[in-house]
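A.B. asks: Quick one, fold the following:
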Amino acid sequence: MNIPLNSGASAGSPWNADWLVPQWPAPARVRSVCTTRAGGVSAPPYDSLNLGLHVGDDAHAVQGNRAKLQTALGVRAVFMDQVHGTDLLELQAATPDALPADGACTRAPGLACTVMVADCLPILLCDLNATQVAAVHAGWRGLAGTQGVGVVEQIIKRFRPLAPVEPAQTAIKIIAWMGPCIGPQAFEVGDDVRSAFVATAPQAAQCFAPLPGGKWLADLPALARQRLLAAGVSAVYGNDGSADWCTVGNPLRFFSHRRDRVSGRQAAAIWLD
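C.D. replies: Next up is the predicted model:
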């Protein structure tokens with residue numbers, strides 16, 4: 001399938017041609033990529049580049065896939081134990097894999113903040129002075145958070161001391177890129193999910209379309225965009241909620257837990273050269 005958005009590595013790149021290369025005005029030393037199903041060694045139903053060790057795939061195959069990713073990136077990808085929460089890690093050279101968190105940031109070059117997804121939304125962030133990068137795993141629980149403070153608000157707090165500001169302005173010069181996730185025509189939720197957002201942000205009601213039986217279709221990218229802009233992110237790129245970005249609707253390209261139940265995980269990574 002051909003996605004007319006931002007896929008494909010350039011000639012001579014070590015990345016698989018099917019992976020997504022964010023198109024955003026990040027500084028030159030900020031590097032980022034989002035994998036797809038392509039380029040790995042896992043057997044069906046995890047074919048082929050499954051990066052999740054927790055989904056029932058053969059561990060040797062997953063480690064082989066992670067090794068392929070490491071080689072392609074040229075830096076260490078640090079994987080978290082994602083728990084659909086709002087806790088964050090600040091990565092250092094000695095930070096091990098598998099610590100429980102749903103977001104990571106770093107000021108250190110050579111460490112890739114990495115999130116795994118298969119319907120949840122990956123968000124990559126950097127400031128325009130390239131002092132820090134971050135990756136966030138945003139399912140609806142982590143995005144909604146508690147009393148309006150979720151994983152987006154938590155990660156922006158980490159940027160505030162470092163992000164450059166214009167004289168006499170308070171806007172934080174941070175940009176974000178959102179990767180593929182479950183799309184607004186596939187994400188059926190209950191009233192509890194809608195209430196979790198609307199209770200603290202009435203404008204979130206615009207991101208829910210009613211279905212019979214008290215259900216709703218939720219627009220996860222739109223909800224994330226609202227939270228990012230409200231938190232002071234100057235510009236948001238990537239996933240616009242269109243069909244090409246939907247993990248559920250593109251089975252040849254993306255893993256989807258909701259679609260398949262038994263599913264692998266793709267990853268989004270960002271790092272400083």
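A.B. asks: Listing request: residues of this protein with sub-threshold pLDDT.
C.D. replies: Filtered on pLDDT under 70, the chain yields the residue ranges 1-13, 161-172.
A.B. asks: now the helices for it?
C.D. replies: If DSSP state H is used as the criterion, the helices of the chain fall at 59-73, 140-144, 151-159, 191-198, 220-230, 257-260.
A.B. asks: Gly142 is in contact with Val149, isn't it?
C.D. replies: No. The criterion here is Cβ atoms under 8 Å, and Gly142 misses it with Val149 at 10.9 Å. C-betas here are computed from N, CA, C, even on glycine.
A.B. asks: circling back: between the helices of the chain, which one is nearest to Gly110?
C.D. replies: helix 59-73 (9.8 Å; Cβ to Cβ).
A.B. asks: Identify all contacting residues around the closest one.
C.D. replies: The contact list for helix 59-73 (Cβ atoms under 8 Å, 6 or more residues apart in numbering) reads 14-16, 31, 33, 35, 39-43, 46, 48-53, 76-77, 79, 112, 267, 269, 271.
A.B. asks: May I see the buried residues of stretch 36-51?
C.D. replies: Buried residues in stretch 36-51, counting neighbours by 16 or more other Cβ atoms under 10 Å, are found at Thr36, Arg37, Gly39, Gly40, Val41, Ser42, Tyr46, Asp47, Ser48, Leu49, Asn50, Leu51.
A.B. asks: ugh, typo on my part, it should be stretch 84-100
C.D. replies: The neighbour-count check on stretch 84-100 (16+ other Cβ under 10 Å) flags Gly85, Thr86, Leu88, Leu89, Glu90, Leu91, Thr95 as buried.
A.B. asks: can I get these in TSV with distance to Lys157?
C.D. replies: Output for these, formatted as TSV (distance: Cβ to Cβ, whole Å):
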residue	distance to Lys157
Gly85	15
Thr86	11
Leu88	9
Leu89	14
Glu90	12
Leu91	16
Thr95	19
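A.B. asks: Return the member of those residues nearest to Pro27.
C.D. replies: Proximity of the buried residues of stretch 84-100 to Pro27, judged by Cβ to Cβ, is greatest for Leu91, which lies at 18.6 Å.
A.B. asks: Verify the stated contact: the closest one with Pro109.
C.D. replies: No. Between Leu91 and Pro109 there is no contact, the gap being 11.0 Å when judged by Cβ under 8 Å.
A.B. asks: For those two, list the residues in contact with both.
C.D. replies: Common neighbours of Leu91 and Pro109 (Cβ under 8 Å, 6+ apart) do not exist.
A.B. asks: so how many other residues sit close to the closest residue to Asp87 other than its chain neighbours?
C.D. replies: Closest residue to Asp87 apart from its sequence neighbours, by Cβ to Cβ, 6 or more residues apart in numbering: Ala101 at 4.8 Å. Using other Cβ atoms under 10 Å, Ala101 has 21 other residues around it.
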